[in-house]
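> next come a sequence and a model predicted from it.
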Amino acid sequence: MEDLQGVLSQRGLTVSTLPDKGRCLFSIRDFSPGEVILNEEPFVSVPSRASVDSRCEWCFSTSNLKRCSACQVVLYCGSTCQKSDWKLHRLECGVLSKVNKDRLKSLTPSIRLMVKLYLWRKLQNEKIIPTTATDNYNLVEALVSHISEIDEKQLVLYAQMANLVNLILELPGIGIKEIAENFSKLACNAHTICDSELRPLGTGLYPVISIINHSCLPNAVLVFEGRLAVVRAVQHIPKGTEVSISYIETAGSTMTRQKALKEQYFFSCSCPRCAKLGQCDDIQESAILEGYRCKDAECCGFLIRDSGDKGFICQHCGLVRGKEEIKKIASEAKLLSEKASKLPSSGCSSDNTEAYVTYKMIEELQLKLCHPFSIDLMRTRETLLKMLMELQDWKEALAYCRSTIPVYQRAYPGFHPLLGLQYYTCGKLEWFEFALFFVYFCLLRMDLSLGDTDNAIKSLSKAMDILRITHGMNTPFMKELSIKLEEAHAEASYKLSSKNNSS
Ligand SMILES: C[S@@+](CC[C@H](N)C(=O)[O-])C[C@H]1O[C@@H](n2cnc3c(N)ncnc32)[C@H](O)[C@@H]1O
């Protein structure tokens with residue numbers, strides 16, 4: 001632990017313990033917005049089991065994959081990744097090669113992660129791989145497991161998984177109880193590794209980053225550059241402040257967030273947002289994010305349940321919406337959502353069209369049911385946006401993307417990666433629409449208004465302002481955004497100078 005404190009103090013950090021939170025990471029110097037607080041390679045990682053594509057074991061790429069000829073389980077995109085993973089895979093390969101075909105089907109990413117965890121420990125114990133202050137099994141031992149709070153059903157599941165790991169590993173001296181406890185540790189400490197657009201790629205255990213506690217209004221964000229986990233400040237963090245990230249989707253009401261944190265992480269959050277639970281503005285926020293809309297389509301008031309239980313009363317105009325009417329629309333929307341979740345998403349156009357029609361029907365019901373700033377409505381519109389992009393209906397996709405922005409602005413704090421990414425999608429669609437129209441207008445020798453490029457510049461600039469803080473400037477993803485913004489500016493000045501010359 002002393003070694004770790006030494007490394008952390010060089011980075012301006014220290015580990016403390018608080019009675020209600022356990023270990024916490026504190027700053028011992030100021031951090032400015034966008035500054036990297038901490039980065040860490042995974043102790044172990046595995047690619048997610050994607051439905052369509054498989055992924056490279058090391059970098060999670062989906063192209064040029066070749067199966068390891070010995071174990072026939074693990075895939076690599078090339079020799080560089082294979083070599084980087086070799087020390088661990090050499091051992092894992094021997095273990096996996098002995099697993100019979102039936103049992104291979106049970107090799108979920110969690111099982112594989114646990115197998116790799118023990119093999120990595122073995123390699124470090126045998127000094128085949130060096131241990132360092134930030135890469136050693138003592139850090140895994142220090143992780144919280146909450147094993148005593150887990151319900152019986154979950155315990156049985158962990159015991160079955162542990163048994164399988166034990167059978168696969170065939171290592172002496174490891175008990176089922178210890179492995180089961182480690183599964184419990186993974187559940188509240190492992191992180192989903194995402195690409196720059198926050199699409200999941202895999203799972204990794206980062207024992208130093210796991211010291212960071214949660215806040216629903218965090219001062220830092222966790223992003224990934226390949227396998228490397230990077231924690232960046234999203235606001236000024238003065239010396240002596242606890243560093244926090246968000247473990248969950250923070251767009252929900254306080255009750256929804258508290259429930260998610262309790263279920264997976266076994267604590268009651270007391271962050272500044274959660275401290276408002278039950279206060280007037282918190283009740284209003286929940287009624288907007290997860291409540292119903294006023295009966296009057298023109299009214300944007302939020303509804304609160306009537307104490308006489310007649311229904312829900314609009315807090316702006318006083319109109320009452322009956323319980324029965326709400327229940328009927330809600331159950332129709334639920335049925336359709338269940339149907340939609342079972343529809344195939346093959347990417348083939350007839351499947352996409354059926355799913356699209358179903359989600360349009362859900363949207364119609366939610367427009368009648370939910371407050372205009374509802375999270376459920378926003379999620380449906382995001383799904384429709386994705387489908388429209390797959391169907392290459394750019395104009396309609398842009399309309400949907402724009403419709404989600406006000407909800408994003410309301411639901412997320414200023415420097416949230418999801419808000420930045422939504423501006424980016426909007427900017428790309430505006431730019432794309434401009435480019436399409438540009439060709440068309442040139443062919444007809446008509447003049448195209450500057451407004452189209454202006455919108456793209458505005459959205460891309462907003463994306464840049466946020467993502468430069470959350471993602472930094474050095475990734476290919478951010479370089480691409482930079483280039484797009486430069487191109488849009490160049491196009492705008494070209495249009496302006498041609499306009500000035502012709503007048
Ligand atoms: C990833 S660990 C964080 C480090 C942990 N405090 C430790 O001692 O190792 C997650 C666990 O930390 C605790 N935790 C995280 N954020 C918290 C918070 N805001 N309030 C109380 N406990 C918190 C919970 O026990 C949670 O399951």
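Great, that's in hand.

> and the closest residue in space to Leu319 that isn't next to it in sequence, how many neighbours?
The shortest distance from Leu319 to any non-neighbouring residue, by Cβ to Cβ, 6 or more residues apart in numbering, is to Lys295 (4.7 Å). Any C-beta I mention is one placed from the backbone N, CA and C, and that applies to glycine too. By other Cβ atoms under 10 Å, 18 other residues sit near Lys295.

> close enough to count as contact, Lys295 and Cys314?
Yes: using Cβ atoms under 8 Å, Lys295 is in contact with Cys314, at 7.1 Å.

> intersection of neighbour lists for these two?
Residues touching both Lys295 and Cys314 (Cβ atoms under 8 Å, 6 or more residues apart in numbering): 320-321.

> and the closest residue to the ligand within the chain, how many neighbours does it have?
The chain approaches the ligand most closely through Gly22 (2.7 Å), counting by Cβ to the nearest ligand atom. Gly22 has 13 neighbours, counted by other Cβ under 10 Å.

> bridge partners for it, pull those for me.
When bridges are called by DSSP bridges, Gly22 pairs up with Leu18.

> ok, it to Cys188 distance?
11 Å (Cβ to Cβ, to the nearest Å).

> overlap of the contact sets of those two?
Listed as contacting both Gly22 and Cys188 by Cβ under 8 Å, 6+ apart are Val144.

> using the three-state scheme, assign the residue nearest to Leu319.
coil (DSSP: H, G, I helix; E, B strand; the rest coil).

> next, the contact list for it, please.
314, 319-321.

> ok, of these, which come out buried?
Neighbour counting over the contacts of Lys295 (16 or more other Cβ atoms under 10 Å) leaves 314, 321 as the buried ones.

> turn the contacts of Lys295 into CSV, columns for pLDDT and secondary structure.
CSV is the format used below for these (pLDDT from 0 to 100; DSSP: H, G, I helix; E, B strand; the rest coil):
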residue, pLDDT, secondary structure
Cys314, 96, strand
Leu319, 95, coil
Val320, 94, strand
Arg321, 95, strand
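
> and which of the contacts of Lys295 is nearest Met114?
Set against Met114, the nearest of the contacts of Lys295 by Cβ to Cβ is Arg321 (50.2 Å).

> residues of the stretch 251-400 of the chain that sit close to the ligand?
Listed as neighbours of the ligand in the stretch 251-400 of the chain under the rule Cβ under 6 Å from any ligand atom: 265-267, 269.

> just flag the most distant two among the residues you listed.
Pairwise distances across those peak at 11.3 Å for Phe266 and Cys269 (criterion: Cβ to Cβ).

> between these two, who's got more neighbours?
Comparing Phe266 with Cys269 by other Cβ under 10 Å, the one with more neighbours is Cys269, at 21 against 16.

> shaky segments in the protein?
Residues of the chain that meet the criterion pLDDT under 70 lie in 1-2, 50-53, 345-351, 433-451, 499, 502-503.

> all helices for the stretch 301-450 of the chain, in order.
Along the stretch 301-450 of the chain, counting by DSSP state H, counting those that start in this stretch, helices occupy 323-342, 349-369, 375-390, 394-411, 417-443.

> got those helices as TSV, with distance to Asp306 and mean neighbour count columns?
As requested, the helices of the stretch 301-450 of the chain are exported to TSV (distance: least, Cβ to Cβ, whole Å; neighbours: other Cβ atoms under 10 Å):
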stretch	distance to Asp306	mean neighbour count
helix 323-342	9	14
helix 349-369	17	17
helix 375-390	22	20
helix 394-411	26	18
helix 417-443	35	19
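
> returning to what we had before: measure the residue of the chain closest to the ligand to Ser215 for me?
To Ser215, Gly22 is 15 Å away according to Cβ to Cβ.

> again, but for Gln392
For Gln392, the distance to Ser215 - Cβ to Cβ - is 40 Å.

> now for the spatially closest residue to Leu96 that is not a sequence neighbour: which residues touch it?
Among residues not flanking Leu96 along the chain, Cys71 sits closest, at 4.0 Å (Cβ to Cβ, 6+ apart). Shown in contact with Cys71 (Cβ under 8 Å, 6+ apart): 92-93, 96-97.

> how about 7 Å then?
Residues in contact with Cys71 (Cβ atoms under 7 Å, 6 or more residues apart in numbering) are 93, 96-97.

> now swap in Phe43 and tell me
Phe43 touches 120, 135, 140, 205-207, counting by Cβ under 7 Å, 6+ apart.

> try it again at 10 Å.
113, 116-117, 120-121, 124, 134-137, 139-140, 190, 204-208, 210 (Cβ atoms under 10 Å, 6 or more residues apart in numbering).

> quick one: name the residues of the stretch 1-150 of the chain near the ligand.
20-23, 143-144, 146.

> Gln392 and Ser215: who's more crowded?
A count of neighbours by other Cβ under 10 Å puts Ser215 above the other of Gln392 and Ser215, at 21 against 8.

> which residue packs closest to that one, ignoring adjacent ones?
Of all residues not flanking Ser215 in the chain, Ser244 sits nearest, at 3.6 Å (Cβ to Cβ, 6+ apart).

> and for Leu421?
Using Cβ to Cβ, 6+ apart and skipping the chain neighbours, the partner closest in space to Leu421 is Glu197 (5.9 Å).

> surely that neighbour is within a helix?
No: assessed with three-state DSSP, Glu197 is coil; it does not lie in a helix.

> distance of it relative to Ala399?
On the measure of Cβ to Cβ, Glu197 and Ala399 end up 21 Å apart.

> could you do Ala260 as well?
With Cβ to Cβ as the criterion, Ala260 and Ala399 are 31 Å apart.

> ok, now Lys239?
The value you get for Lys239 to Ala399, if Cβ to Cβ is used, is 47 Å.

> which of the helices or strands spans the closest residue to Pro42 other than its chain neighbours?
Among residues not flanking Pro42 along the chain, Gly204 sits closest, at 3.5 Å (Cβ to Cβ, 6+ apart). Using DSSP states H and E, Gly204 falls within strand 200-205.

> what lines up beside that strand in the sheet?
strand 44-47 (antiparallel), strand 191-194 (antiparallel).

> and the next element down the chain from it?
Using DSSP H and E, the next helix or strand after strand 200-205 towards the C-terminus is strand 213-214.

> that next one close to the ligand?
Yes: contact of strand 213-214 with the ligand (Cβ under 6 Å from any ligand atom) involves 213-214.

> can you give me how far that strand is from the chain middle?
With Cα atoms, centre = their mean, to the nearest Å as the basis, strand 213-214 stands 16 Å off its chain's centre.

> I'd like the next helix or strand past it.
strand 220-225.

> host element of the closest residue to Ala260 other than its chain neighbours?
Of all residues beyond its chain neighbours, the one nearest Ala260 is Ile248 (4.8 Å), with distances taken as Cβ to Cβ, 6+ apart. Secondary structure assignment for Ile248, by DSSP H and E: no helix or strand.

> for Ile248, give me its contacts.
Ile248 makes contact with 214, 216, 256-261, 263-265, 269, according to Cβ under 10 Å, 6+ apart.
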